[in-house]
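> here is a sequence together with a model predicted from it:
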Amino acid sequence: MSNGKKWLKESIFCLAASGLTILIFILVFQLWNKDFSVPFIYNQDGDGLGAIYSIKNIIDGNCYFSDPNLNAPHKIDNYMQDYLLPLFMVKVLSIFCDNVGIVTNLFLILTYILTTLTTYMLLRKIHCNPYIAVMGGIIYSYLPYHYFRMYHFWLMGCYIIPLALWIIIDLLSDRFYDNIFQRKSRLILDCIFSIFIGLNGIYYAVFSVIFLFIAAIISTVRKKRFLPFLLGSILCGLIMLPIILLVLLPTYLWGGSQISELAASRSLYQMGLYALSIVLLFLPIPEHRIDFISQFSSNTYEAMGINTEGYMVSLGVFMSLGLIASVLYLLCGKKYKVELLSDLGKFNIIAMIIGATGGLNILIGLFVSTSIRCWNRISVFIALFSLVSMCLILQKLVLLYYKKRGKTQLKRLIVVSGCCVVMICAVLDQTTSAFGKYSEYKIETRTYDTTYSESEEDYKNLKMFVKEIEDNIGADSMIFQFPINSNDNTQFSQVKFALMSSSLKWSSSNVENAHVNWLNSLKSYNLEIILKILMIYEFDAILVDKSCYNDEADFNNLIQNLENLVDDKPLTDTNSEIYVFDLKNVKHKFMLENNLTQENLQKFQQEIDSVFLAGYQNIDNLLVNERRFEKTLLKKDSLLYGPYIHLEPGNYFIEIYGSDLERVAFSVTSDMGLSQIQSNILYQDNDKLVYEFNLDSAVDNVEFLLKNEYNDMDIYQIYLVEELNYVEDATISLELLKLLNS
């Protein structure tokens with residue numbers, strides 16, 4: 001067959017595979033019941049809000065780093081954006097359509113089509129029958145993981161996994177190293193695929209690097225040549241290159257403490273919690289189409305106490321058989337006539353050893369980083385290894401079938417029919433009717449939750465209300481959101497408001513950053529002072545979202561207090577869930593009563609920022625001095641100690657509060673007063689005295705002694721502080737403190 005006819009044939013099969021994927025998507029998700037202009041993944045408190053916001057950001061023409069409508073008043077950008085290839089695809093889609101819902105849904109469908117096509121290409125590469133390749137592509141595309149990851153939107157990019165296996169197969173191939181420099185096209189293609197993998201997110205990139213590196217070692221040992229290891233290392237480097245240059249480096253240079261805060265938020269415990277449970281690979285999906293299977297699955301989840309994303313790893317019957325077959329072939333096959341099948345068995349075993357609870361992922365967490373914590377997500381690689389294994393077995397059976405009496409039209413029809421039956425059965429097994437009605441499965445309640453019709457209604461109502469806010473408060477207004485940085489909901493729960501407008505600026509954030517420190521510091525004050533600070537920062541309105549409050553009494557109390565302070569009734573939505581207070585009148589009154597100018601406001605903003613952005617919880621802890629000390633002592637954490645205590649080696653600071661401190665004599669002793677510990681005065685004013693001392697070794701029976709012959713010692717407070725923080729230019733002026741406390 002000529003190259004032209006071959007390309008035409010492959011194009012027809014690709015079109016057919018794409019068409020079947022779309023048709024199945026329409027049937028499984030019942031698109032005739034959906035409003036395509038509303039994102040299928042919209043949920044008022046789901047992680048998908050972050051993805052939709054990123055899509056809206058791209059449609060609005062902003063850089064993928066930029067968060068112009070969030071983090072008000074600070075305009076802090078988000079540099080932890082690692083899903084660059086999906087964002088580029090969104091950018092291309094936005095050329096043809098600027099509706100956020102339509103672009104989001106088109107991208108969702110595109111992930112299914114691309115997964116089918118890349119899997120088809122991979123199976124054709126290993127010489128599978130085109131009908132088997134189409135079947136395999138669609139089965140892998142409808143892996144249950146694909147639906148369950150709808151709210152972890154960018155993780156649906158399973159289309160990148162076949163590219164990783166493509167490179168692995170090349171590394172393991174004997175022919176690849178014969179005259180390698182004459183196979184430039186294959187080498188260049190592997191390099192391009194590697195870069196694509198790196199652009200598609202950190203998780204799949206890290207997993208791909210692990211498997212590529214293992215493949216390079218296997219190939220090096222097998223062929224007794226260094227070239228496979230060298231080539232594998234280069235390809236691993238190309239995968240990590242986009243992550244280093246476009247994610248980690250910008251975050252390190254301009255993203256403040258985002259990397260350290262991410263690492264600090266993840267632990268070995270979480271790695272164990274989100275590790276792969278091998279038995280869950282074989283369990284059917286929740287609410288399987290066959291009732292007794294569904295009940296069995298539900299009972300098993302409950303008995304095992306599954307309450308994390310681990311349930312998402314289900315392979316379905318077809319790929320479960322492939323996993324078992326590949327491992328058995330590796331362990332029991334005597335001659336390995338199909339070497340790739342035995343290699344896939346090795347990778348399946350390795351993936352389970354690395355990703356399983358208590359597996360080698362813990363060593364990675366101990367000695368490298370805990371940032372990659374959800375090792376259950378390695379299941380998409382296990383699924384592909386298992387699917388390819390099953391397709392290889394079917395290919396061998398088809399060849400044997402053709403070999404017996406020759407390849408006839410009838411036999412071809414039987415093969416096509418068989419592939420269709422297997423594909424339909426597999427898709428039915430891996431999906432459920434609930435996929436078409438509900439947009440999410442919640443493992444906590446073990447039920448499918450949030451119907452698409454409910455999401456559509458919420459989305460449209462919120463869009464109308466945000467338009468009403470714009471009309472009443474004004475475009476380009478800055479709105480502060482309550483609750484302040486609530487930890488009871490997902491980090492994206494308040495981003496929903498920014499989805500509905502391109503002009504309003506919101507105080508919410510979608511990533512840990514310095515602005516979150518500012519919010520946490522603000523949260524430590526009473527409502528009256530918070531309101532004054534918001535007016536200093538020139539916020540135009542306050543929004544309170546009832547859905548973010550667990551205690552209705554707290555919510556009602558907040559609304560009543562705001563009404564009293566603002567002296568005005570709020571604007572509310574149709575469900576009385578969202579309350580918006582206009583601050584323009586009270587802000588104008590505040591400015592007049594205190595004779596504030598724009599210069600005053602800017603000065604006060606800088607003073608508060610210098611403390612709040614650094615993460616200090618209370619400006620009252622600052623030593624106030626209008627002359628501004630070059631360095632001001634801030635107390636971060638203090639504990640009251642009694643006499644005769646044990647101290648470990650380290651630096652310690654003593655803070656003494658009271659009056660007449662210039663007459664105080666202070667000393668530190670140990671061993672019941674027999675030994676003196678040298679201490680030095682670090683700072684002193686009328687109300688506070690700070691000493692510093694150092695211990696080279698652990699000391700028992702430490703006692704702190706105060707003497708003042710003129711005053712009663714009971715009027716003094718003494719604190720042992722294990723950490724003092726210095727902040728440049730962080731002094732709060734008396735003028736600001738008087739304004740806040742008046």
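Cool, got the structure.
> low-confidence ranges in the stretch 201-350 of the chain?
Scanning the stretch 201-350 of the chain for pLDDT under 70 picks out the ranges 256-265, 334-336.
> hey, where'd the helices end up in it?
Here the stretch 201-350 of the chain has its helices, by DSSP state H, counting those that start in this stretch, at 202-223, 227-243, 249-254, 258-264, 268-273, 278-282, 291-304, 316-332, 339-355.
> out of these, nearest to Tyr140?
Nearest of those to Tyr140, taken as C-beta to C-beta: helix 316-332 at 7.8 Å. Every C-beta, even on glycine, is put in place using the N, C-alpha and C of the backbone.
> related to what we said a few turns ago, can I get the helices of the stretch 201-350 of the chain in CSV with distance to Leu117 and mean neighbour count?
As requested, the helices of the stretch 201-350 of the chain are exported to CSV (distance: least, C-beta to C-beta, whole Å; neighbours: other C-beta atoms under 10 Å):
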stretch, distance to Leu117, mean neighbour count
helix 202-223, 17, 20
helix 227-243, 21, 19
helix 249-254, 31, 14
helix 258-264, 33, 15
helix 268-273, 34, 16
helix 278-282, 25, 17
helix 291-304, 31, 14
helix 316-332, 19, 20
helix 339-355, 21, 21
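> as CSV, those with distance to Ser369 would be great.
As requested, the helices of the stretch 201-350 of the chain are exported to CSV (distance: least, C-beta to C-beta, whole Å):
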stretch, distance to Ser369
helix 202-223, 10
helix 227-243, 13
helix 249-254, 14
helix 258-264, 6
helix 268-273, 10
helix 278-282, 24
helix 291-304, 28
helix 316-332, 29
helix 339-355, 15
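> so for Val495, which of these sits nearest?
Checking those against Val495 by C-beta to C-beta gives helix 258-264 as the closest, at 16.8 Å.
> pLDDT wise, what is Glu468 at?
Glu468 is assigned 92 on the pLDDT scale.
> how about the one 4 residues further on?
What the model reports for Asn472 is a pLDDT of 91.
> distance check, it against Ala541.
9 Å (C-beta to C-beta, to the nearest Å).
> who touches both of the two?
Here Asn472 and Ala541 share the contacting residues Val580, Asp582, scored by C-beta atoms under 8 Å, 6 or more residues apart in numbering.
> returning to that earlier point: quick one: closest of the helices of the stretch 201-350 of the chain to Asp458.
Going by C-beta to C-beta, the one of the helices of the stretch 201-350 of the chain nearest Asp458 is helix 291-304, 27.8 Å.
> quick one, the closest one and helix 316-332 angle?
70 degrees (axes from the mean of the first three to the mean of the last three C-alpha atoms, to 10 degrees).
> still on that earlier bit, who has more neighbours out of Asn472 and Ala541?
Ala541 (24 against 12; other C-beta atoms under 10 Å).
> need the phi and psi values for that one.
Torsion angles at Ala541 (phi, psi; degrees, to the nearest 10) stand at phi -160, psi 160.
> what about the closest residue in space to Cys236 that isn't next to it in sequence, distance to Tyr252?
Closest residue in space to Cys236, ignoring its immediate chain neighbours: Val209 at 4.7 Å, by C-beta to C-beta, 6 or more residues apart in numbering. Remark: distance between Val209 and Tyr252 (C-beta to C-beta) = 20 Å.
> what's the answer for Asp545, then?
Counting by C-beta to C-beta - Asp545 and Tyr252 are separated by 34 Å.
> repeat for Arg412
Counting by C-beta to C-beta, the gap from Arg412 to Tyr252 is 57 Å.
> residues in contact with the closest residue to Gly658 other than its chain neighbours?
Using C-beta to C-beta, 6+ apart and skipping residues adjacent in sequence, the residue nearest Gly658 is Tyr716, 3.9 Å away. For Tyr716, the contacting residues are Ile656, Tyr657, Gly658, Val664, Leu706, Asn708, by C-beta under 8 Å, 6+ apart.
> which residue ranges of the stretch 501-650 of the chain form helices?
514-522, 527-536, 552-566, 584-593, 598-612.
> out of these, deepest packed?
Per residue and on average, the most neighbours among the helices of the stretch 501-650 of the chain fall to helix 514-522, with a mean of 21 (mean count of other C-beta atoms under 10 Å).
> shaky segments in the stretch 1-150 of the chain?
1-2, 44.
> show me where it has helices.
Counting by DSSP H, counting those that start in this stretch, the helices of the stretch 1-150 of the chain are 3-29, 48-59, 84-96, 100-125, 130-141, 144-148.
> run the chain-centre distance for the third one.
Between the centre of helix 84-96 and the centre of its chain there are 20 Å (C-alpha atoms, centre = their mean, to the nearest Å).
> and if you look at the first one?
For helix 3-29, the distance from its own C-alpha centre to the chain's C-alpha centre is 33 Å (C-alpha atoms, centre = their mean).
> go on, the last one?
When C-alpha coordinates are averaged (C-alpha atoms, centre = their mean), helix 144-148 and its chain have centres 17 Å apart.
> same for it, what does it pack against?
Under the contact criterion of 3 or more C-beta pairs under 8 Å, 6 or more residues apart in numbering; DSSP states H and E, helix 144-148 touches helix 100-125, helix 379-405.
> swap the cut-off to 6 Å and go again
Using 3 or more C-beta pairs under 6 Å, 6 or more residues apart in numbering; DSSP states H and E, no helix or strand is in contact with helix 144-148.
> contacts for that helix next, please.
Applying C-beta atoms under 6 Å, 6 or more residues apart in numbering, the contact partners of helix 144-148 are Met156, Ile285, Met312, Ser314, Val380, Gln430, Phe435.
> with Val134 as the reference, measure out to Phe590.
Phe590 is 68 Å from Val134, by C-beta to C-beta.
> er, Ile41 actually
Noted for Ile41: a distance of 28 Å to Val134, by C-beta to C-beta.
> can you check Thr597 too?
71 Å.
> neighbour count winner among these two?
Neighbour tally, Thr597 and Val134, criterion other C-beta under 10 Å: the higher count belongs to Val134, 27 against 9.
> is the more buried one in contact with Ala17, as I believe?
Yes - if you go by C-beta atoms under 6 Å, Val134 and Ala17 touch, sitting 4.6 Å apart.
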